[in-house]
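*Asks:* can't give you the sequence, but here's the structure:
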């Protein structure tokens, strides 16, 4: 999935973004810079689906919800992003009426491709940490690992065996067997 910045000489806004044609690409703006990502590959979507199916029952059991993009999550007039997957408090269990209802995020996840690695590990990680997203995961199926970042730490935690997610101290822990997950994603 190729990712590139376009028209960096201009200051992109949400209004300008919404004027773009619906051409099947994913458009995001981070600090006024437009990023364009073509439709995801089947491998990307398979990994996303597998992770979603593992997170959703757990999240709902503890009053959270999990959704997948496309979803315009706006942080300012110059920043709107579409994480591949995200989790948020949803005590009513009803569908949100707008994307503003899903914030603040407890979790944002990106499934990387060779061309999106730099952005996902750089500017997007910084954005989610700055916005106080409790956890940001970068899923790298090629490396068979997940990178976990939090706002409190400059260090990224590399996970290849188990991923333990506990959104708050009162909830049960979810343990994901990453070897099994990556075997399923890779078709091993």
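*Replies:* Structure received. Keep in mind that this is a model prediction, so the values were computed, not measured.
*Asks:* need phi/psi at residue 17.
*Replies:* Main-chain dihedrals, residue 17, degrees, to the nearest 10: phi -60, psi -50.
*Asks:* any idea how far residue 87 is from it?
*Replies:* Residue 17 is 24 Å from residue 87, where distance means C-beta to C-beta, to the nearest Å. Any C-beta I mention is one placed from the backbone N, CA and C, and that applies to glycine too.
*Asks:* what do you get for residue 100?
*Replies:* Applying C-beta to C-beta, the value for residue 100 to residue 87 is 16 Å.
*Asks:* more crowded one of those two?
*Replies:* Using other C-beta atoms under 10 Å, the more surrounded residue of residue 100 and residue 87 is residue 87, with 25 against 10.
*Asks:* which element is the more buried one on?
*Replies:* Assigned by DSSP states H and E, residue 87 falls within strand 85-89.
*Asks:* paired strands for that strand, with orientation please.
*Replies:* strand 64-68 (antiparallel), strand 105-111 (antiparallel) (DSSP bridges).
*Asks:* for residue 172, which of these is the nearest?
*Replies:* Shortest distance between residue 172 and these, using C-beta to C-beta, is found for strand 64-68: 11.9 Å.
*Asks:* for that closest one, what is the average pLDDT?
*Replies:* For strand 64-68, mean pLDDT rounds to 94.
*Asks:* outside of it itself, list whatever touches it.
*Replies:* Residues outside strand 64-68 that contact it (C-beta atoms under 8 Å, 6 or more residues apart in numbering): 48, 52, 55-56, 59, 84-90, 93, 102, 106-107, 167.
*Asks:* hmm, 7 Å instead?
*Replies:* With contacts defined as C-beta atoms under 7 Å, 6 or more residues apart in numbering, strand 64-68 is touched by 48, 52, 55-56, 59, 84-90, 102, 106, 167.
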